[in-house]
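> With the sequence up front, the predicted model follows.
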Amino acid sequence: MFHEPSGNVSFCDDSQWGLGAAEQADLTAAAIGVSLSIALGNRHNGAEGNARTKGGGSSMARFEAKRLSRLDWAVVGAGGLSFISLFLPWYGASAGLFSASVDGWSTSYGWFGALLIIAAGAYLALQRSEVNLSVVPLTPAVVVLGAAILGALIVIIRWITLPSGHAGVGGVTVYSYGPRVGIFLTIIAGLVQVGAALALFRASGEKLPWAEKNQGTSLES
């Protein structure tokens with residue numbers, strides 16, 4: 001049965017996991033702060049190293065679009081689309097002239113998958129800008145592919161588990177509820193990113209962590 005919501009709109013049984021406006025702002029600010037801290041710290045360390053080897057020359061990394069290939073743009077663009085989609089309706093209900101919806105931040109854990117897709121695009125952009133990301137223990141292509149796959153999988157699971165339905169009279173829909181455009185755009189972005197990340201991984205010649213361990217074990221034996 002459909003009930004008209006009051007206050008903050010939520011249609012999911014697990015809506016207690018949704019984020020309010022203040023929590024969204026805190027999360028976004030924290031993520032931006034961590035990213036800037038890592039990037040600026042790594043740039044500083046890289047600049048010091050190059051100054052010693054190149055007589056004080058500056059090595060400040062900067063973003064240049066020409067450094068990105070088509071596959072790179074697919075990964076970065078998918079991250080951008082996922083970010084925009086977070087603020088679009090992910091779930092909603094409509095009855096006649098009345099309709100209500102919630103965005104990606106308020107549909108339980110789905111937002112975490114979207115953030116992973118965004119992170120994959122941001123990481124690749126930083127890596128192509130020659131920012132020192134050696135603090136990450138995995139190789140770049142593995143990081144991008146792993147984040148893309150996990151992010152897309154989480155969003156797809158959230159889509160599958162969202163309740164949906166409709167009712168009508170005489171073939172005319174009276175009311176309906178279910179996933180909305182935002183989550184579909186995020187799924188598309190995630191799948192595109194996975195495809196591009198997989199192609200980049202194959203072209204990079206990098207190996208999965210467990211594959212390297214197995215190879216090392218076989219060499220020792």
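Looks like it arrived, so ask away.
> Could you give the number of residues near the spatially closest residue to Phe201 that is not a sequence neighbour?
Distances taken as CB to CB, 6 or more residues apart in numbering place Ala141 nearest to Phe201, at 4.3 Å, with adjacent residues excluded. Bear in mind the C-beta positions are built from the backbone N, C-alpha and C, glycine included. For Ala141, the neighbour count with other CB atoms under 10 Å is 22.
> who touches the strand or helix carrying Ala141?
Taking DSSP states H and E as the definition, Ala141 sits inside helix 140-161. Here helix 140-161 makes contact (CB atoms under 8 Å, 6 or more residues apart in numbering) with 75, 78, 82, 107-110, 112-117, 119-120, 123-124, 127, 133, 136, 138, 179, 183-184, 186-187, 190-191, 193-194, 197-198, 200-201, 204, 206, 208-209.
> Go through these and flag which are in helices.
Using DSSP state H, 75, 78, 82, 110, 112-117, 119-120, 123-124, 127, 183-184, 186-187, 190-191, 193-194, 197-198, 200-201, 204, 209 are the members of the contacts of helix 140-161 that sit in helices.
> Flag the shaky bits of the chain, pLDDT-wise.
Counting by pLDDT under 70, the chain shows low-confidence ranges at 1-61, 211-221.
> Endpoints of stretch 85-102, how far apart?
12 Å (CA to CA, to the nearest Å).
> Report the buried residues of it.
If you call a residue buried by 16 or more other CB atoms under 10 Å, then stretch 85-102 has these buried ones: Ser85, Leu86, Leu88, Pro89, Trp90, Tyr91, Gly92, Ala93, Ser94, Ala100, Ser101, Val102.
> And for stretch 147-162?
For stretch 147-162, burial by neighbour count (16+ other CB under 10 Å) applies to Ala147, Ala148, Ile149, Leu150, Gly151, Ala152, Ile154, Val155, Ile156, Arg158, Trp159, Leu162.
> Now a PyMOL select for only the buried ones of the ones in helices among the contacts of helix 140-161.
Of the ones in helices among the contacts of helix 140-161, the buried ones go into a single PyMOL selection, burial set by 16+ other CB under 10 Å:
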select buried, resi 75+78+82+110+113+114+115+116+117+119+120+123+124+127+183+186+187+190+191+193+194+197+198+200+201
